[in-house]
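Colleague: Okay, here's the prediction I keep looking at, along with the sequence it came from:
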Amino acid sequence: VVELAPNGRALLHSTYLGGSGDDHGTGITVDSDGNVYVTGFTYSTDFPTTPGAYQTSLASRQSAAFVTKITPDFSSLTFSTYLQGTSLNYGKSIAVDTGNIFVAGQTFSLTFPLLSPIQSVCAPSNCFFGTAFVTELNAAGSSLIFSTYLGGSHGDDIAALALDPSANIQVTGQAASTDFPITNAFQATFGGSFGDAFVAKISLQPAASLSPTSLTFGNQSVGTSSTPQTVTLFSNGTAPLHIAGISASGDFAEANNCRMGVAAGSTCTISVTFAPTARGTRTGTFTVTDNSSSGPQTVSLTGTATLAGAPVVSFSTSNLSFGSQPLDVTSPPENVTLTNTGSSPLSVTGIAIGGPDPGDFAQSNDCGTSVAMGASCTFSITFTPVASGNRSATQPFFWQSECRHNQRRQGHTAQEHRERDAHH
């Protein structure tokens, strides 16, 4: 297998592909990602195959078609498989669409592997003269999607295969049979001599399904996004599924790995999220527009939107009393614990001391600018009287939407205490 530079003047990649027997490459194609697909035939019992491939062994003195996928840099095989029944089998042409591999050629095997065939019998004298075959493999090269004989009673061979935009199969080759299967033909009779060319079209059908077909999201706060839920898209027809679009309506969004299609026999996944914009029950639809006869595919979506949660402030006490304290002497600190018992973080916008005597009290705290849900912080309050008598203050605490919580601080000087004691 060889890759040349676009100008034909340099060899970019080149590799052997074969075993210890006789090996022939007869068909090649490249997908949009640069992967290389090769078919041909081999008599090598040690032709390179890969674990998990559809067929990995060959009996001696037989030939098999082979199907091999090579990485774009030619460094490794993505998969490689034999394609055979008993007796002789020859791959001649190959094509790929959305990951599915289509191979055509000639077989002399009564046991050539078939699946959903349009012709289930190799007619010419127990396959002595050979007949054409057309086979479709899944994207992993591990199983058949479709496989059929194609021919009459005297030996027929496919030389080339092509796919139309819907992945219907077109093949051409030589028919030696006067009873080659004819449908809607502009020439319905054999022309003569040793064989006629033929052209045939085989129509395959894409199919799709989604699971689950509905999603329900629990309560979700307005303006927030939910944890994703997953929907699986199954491509379960005989043709690859071509996707024209994937969308989600309403307050729902999607992300997917489906690209522009899904190979027959494969799946892709879609993650759906719910981000409500208003309160109440919200509905939408997830839609896959594709080329299947049952399309478009839909999933109903429902979610319940609630108002965004708010922080809730609670203090371990709402009143501190410092008792008697000498003028201009600072008291030992009294501690107050603030706890956020709400359902969203608390953003602290201001802490100040007010009231009649704010200068007699001071505070320090470890609250910072935010207190997480369920978290706490501590205020340390001291009293330093600057005049005699009862002294009091409040400490407003501001957060998020300018809500405020006041704590009352009060104390009196030692002189006042002595005066009160003298009157009792």
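Modeller: On my side now, so go ahead.
Colleague: Local confidence estimate at the residue nearest to S203 when sequence neighbours are not counted?
Modeller: Closest residue to S203 apart from its sequence neighbours, by Cβ to Cβ, 6 or more residues apart in numbering: N168 at 5.0 Å. To be clear about C-beta, it is placed using only N, CA and C from the backbone, and glycine gets the same treatment. N168 carries a pLDDT value of 97.
Colleague: Name all residues that make contact with N168.
Modeller: Neighbouring residues of N168 by Cβ atoms under 8 Å, 6 or more residues apart in numbering: K201, I202, S203, L204, A239.
Colleague: what's near enough to touch Q205?
Modeller: G237, T238, A239, S292, S293.
Colleague: Give me the neighbour count for the last one.
Modeller: What that stands for is S293. Close neighbours of S293, defined as other Cβ atoms under 10 Å, add up to 10.
Colleague: Please report the distance of it from K201.
Modeller: For S293, the distance to K201 equals 18 Å [Cβ to Cβ, to the nearest Å].
Colleague: For this structure, which segments count as helices?
Modeller: Counting by DSSP state H, one finds helices in the chain at the ranges 414-422.
Colleague: mind listing what the closest residue in space to F66 that isn't next to it in sequence touches?
Modeller: In space, and not counting its chain neighbours, F66 is closest to T42: 5.3 Å by Cβ to Cβ, 6+ apart. By Cβ under 8 Å, 6+ apart, the residues touching T42 are G18, G19, G21, D22, D23, H24, L58, S63, A64, F66, Y82.
Colleague: Quick check: chain neighbours aside, which residue is closest to A64?
Modeller: Q84 (3.6 Å).
Colleague: again, but for V371
Modeller: Excluding the flanking residues, the one nearest V371 by Cβ to Cβ, 6+ apart is L346, at 4.1 Å.
Colleague: same deal with V336?
Modeller: F379 (4.6 Å).
Colleague: Could you double-check that the one you found lies in contact with A362?
Modeller: No. In this structure, F379 is not within contact of A362 by Cβ atoms under 8 Å, at 10.6 Å.
Colleague: So those two - more neighbours on which side?
Modeller: Using other Cβ under 10 Å as the criterion, F379 and A362 rank with F379 on top: 22 against 15.
Colleague: Could you list everything that one pairs with in the sheet?
Modeller: In this structure, F379 bridges to V336, N365 when assessed by DSSP bridges.
Colleague: Pull the contacting residues for it.
Modeller: N335, V336, T337, L338, Q363, S364, N365, C367, Q395.
Colleague: So for the third one, what's the nearest residue that isn't a sequence neighbour?
Modeller: In other words, T337. S316 (4.1 Å).
Colleague: quick one: the residue lying closest to S214 once chain neighbours are set aside and V231, what's the gap?
Modeller: Distances taken as Cβ to Cβ, 6+ apart place S300 nearest to S214, at 4.5 Å, with adjacent residues excluded. Distance of S300 to V231, computed by Cβ to Cβ: 11 Å.
Colleague: Those two: which is more packed in?
Modeller: Using other Cβ under 10 Å as the criterion, S300 and V231 rank with V231 on top: 25 against 13.
Colleague: Return the residues in contact with the closest residue to F190 other than its chain neighbours.
Modeller: In space, and not counting its chain neighbours, F190 is closest to T178: 4.3 Å by Cβ to Cβ, 6+ apart. By Cβ under 8 Å, 6+ apart, the residues touching T178 are G152, S153, H154, F190.
Colleague: out of the residues you listed, which one sits closest to F217?
Modeller: G152 (59.5 Å; Cβ to Cβ).
Colleague: what sits against the closest one?
Modeller: Here G152 is in contact with A123, P124, T131, A175, S177, T178, D179, F180, P181 (criterion: Cβ under 8 Å, 6+ apart).
Colleague: can you list contacts of stretch 208-224?
Modeller: With contacts defined as Cβ under 8 Å, 6+ apart, stretch 208-224 is touched by 226, 229, 231-237, 241, 262, 272, 274-279, 286, 288, 290, 292, 294-295, 297-309.
Colleague: So in the chain, where's the weakest helix or strand by average pLDDT?
Modeller: Using mean pLDDT, DSSP states H and E, the weakest-scoring helix or strand in the chain turns out to be helix 414-422, at a mean of 31.
Colleague: what does the model give the residue nearest to V371 for pLDDT?
Modeller: L346 is assigned a predicted lDDT (pLDDT) of 87.
Colleague: Ok, A393 next?
Modeller: The per-residue pLDDT reported for A393 equals 87.
Colleague: just the one 10 residues further on next, same as before
Modeller: C403 carries a pLDDT value of 43.
Colleague: can you check the one 10 residues further on too?
Modeller: The confidence metric pLDDT takes the value 40 at T413.
Colleague: neighbours around A132, how many?
Modeller: 28.
Colleague: what's the spacing between it and P181?
Modeller: Distance from A132 to P181, by Cβ to Cβ: 10 Å.
Colleague: and what of G261?
Modeller: Plainly put, G261 is 30 Å away from P181 if you go by Cβ to Cβ.
Colleague: Next: T337.
Modeller: Computed as Cβ to Cβ, the T337 to P181 distance reads 88 Å.
Colleague: And for V134?
Modeller: 12 Å.
Colleague: shared neighbours, those two?
Modeller: By Cβ under 8 Å, 6+ apart, the residues touching both V134 and P181 are L150.
Colleague: of those two, who's got more company?
Modeller: Counted by other Cβ under 10 Å, V134 and P181 do not tie: V134 has more neighbours, with 23 against 17.
Colleague: What ranges does the stretch 151-300 of the chain have for its strands?
Modeller: Here the stretch 151-300 of the chain has its strands, by DSSP state E, counting those that start in this stretch, at 156-163, 169-175, 196-202, 208-211, 214-221, 229-235, 241-248, 252-256, 261-262, 267-274, 280-290, 297-306.
Colleague: Alpha carbons only: can I get the fifth one in CSV?
Modeller: Yep, that's strand 214-221 we're talking about. Extracted in CSV, the C-alpha atoms of strand 214-221 (Å, rounded to 0.1, in the frame of the first residue of the first chain):
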residue,chain,number,x,y,z
SER,A,214,-38.5,10.7,27.2
LEU,A,215,-36.4,12.5,29.8
THR,A,216,-37.6,14.0,33.1
PHE,A,217,-35.4,16.4,35.0
GLY,A,218,-36.1,17.1,38.7
ASN,A,219,-36.3,20.5,40.4
GLN,A,220,-33.7,22.9,38.9
SER,A,221,-33.1,26.4,40.0
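Colleague: which residue packs closest to the spatially most central residue of the chain, ignoring adjacent ones?
Modeller: In the chain, the residue lying closest to the centroid (Cα atoms, centre = their mean) is N257, at 3.9 Å. Spatial nearest neighbour of N257, excluding adjacent residues (Cβ to Cβ, 6+ apart): C268 at 5.3 Å.
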